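J.: Here is my input, please return the structure:
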Amino acid sequence: MLQIPAFKRRSRMPTENLSETINPYVTQMREEGWCVLEDVIPADIVNSVREEVETSEADYNAFSKDNGRWERNVISFMPNFASHLANERLLAVIRELLGPQVRISQTEYKIRPPHYQLVRAYHSDFPYDLNQKWHITQPFPTAVIGITTLWMLTDFTTENGGTWIVPKSHVDLRNPRGKEDGIGDRNPLAGEMQAVGSAGSVLIMDSRIWHSNAENPSDGRRTAVVVRYAPWWLNLELFGVNTATIPGETYDKFPDDVKLLYEHRAEDREPALWV
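T.: You can find the predicted model right below:
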């Protein structure tokens, strides 16, 4: 049975005001398959969050080299960043699409150095990635089963490689990785554009949308974190790095609303919600 505990909550925007605030983003998500939510991480602290993410990647890589990539969840290494993952506006948009109870299915560093070269690699994300053995088969259902977020910790521009997306492709029955669809995932695609935003913004995508990482031809580093959200009922126990756990003492320091998103990965902790 789904039990909702009486956790201490952060102060909240009145429901009517919140609904009015997020409606344009929800509409764009349904029609276009993507939107950019601004100022999710406030401008006065985004640099410190970025520094934590950039420095912690080396710590994560060193730990993983010694212990294996499946031993420690990425989010364990960046607790300050983690505190923003239950942002009220962000979760309100996501819950309009996935339902009221959501979990985080994946967290991943996306840091690209200056002059980073890359060809297009168009795809849809879990559970729609046709290169993964646990993907949903085509044609994909019309229900939204995954939301991908890209947390921009530096400015994302056309000069440093904003993520390539094809608006409205989330409702296309074909896929760039569909073997019989004749699209191809390594080529520029008709209608493609780059999603841009200032540091602290979050690109939100229906995980079905065709998208690709971009090269970084600029002189500066491009820093982001990918966080994927899933409805409560979706099976996430698919083996590998995304099932890595969070040490209990690290998890205990998360805000209560962030704990709900990662409870299924907490080590040596009894579940309070997902029981």
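
J.: wait, doesn't residue 194 sit right on residue 167?
T.: No. Contact criterion CB atoms under 8 Å: residue 194 and residue 167 do not qualify, at 11.4 Å. Yep, even glycine has a C-beta here, placed from its N, CA and C like the rest.

J.: For my notes, confirm residue 92 occurs in a helix.
T.: Yes. Counting by DSSP: H, G, I helix; E, B strand; the rest coil, residue 92 falls inside a helix.

J.: That one contacts residue 17, correct?
T.: No. The criterion here is CB under 8 Å, and residue 92 misses it with residue 17 at 10.8 Å.

J.: So for those two, which residue has more residues nearby?
T.: residue 92 (20 against 10; other CB atoms under 10 Å).

J.: From residue 103, how far off is that one?
T.: 16 Å (CB to CB, to the nearest Å).

J.: Likewise for residue 214?
T.: 28 Å.

J.: again, but for residue 269
T.: 15 Å.

J.: Those two: which has the busier surroundings?
T.: A side-by-side neighbour count of residue 269 and residue 103, using other CB under 10 Å, places residue 103 first with 21 against 16.

J.: Assign a three-state SS to residue 259, would you?
T.: helix.

J.: who's in contact with the lengthiest helix in the chain?
T.: Counting residues, the longest helix found in the chain (DSSP state H) is helix 46-67. For helix 46-67, the surrounding residues in contact (CB atoms under 8 Å, 6 or more residues apart in numbering) are 41, 71-72, 74, 77-78, 80-81, 84, 109, 111, 153-154, 199-200, 221, 223, 225.

J.: and with 10 Å instead?
T.: Residues outside helix 46-67 that contact it (CB atoms under 10 Å, 6 or more residues apart in numbering) are 39-42, 69-84, 109-111, 151-154, 198-201, 221, 223-225, 241, 244.
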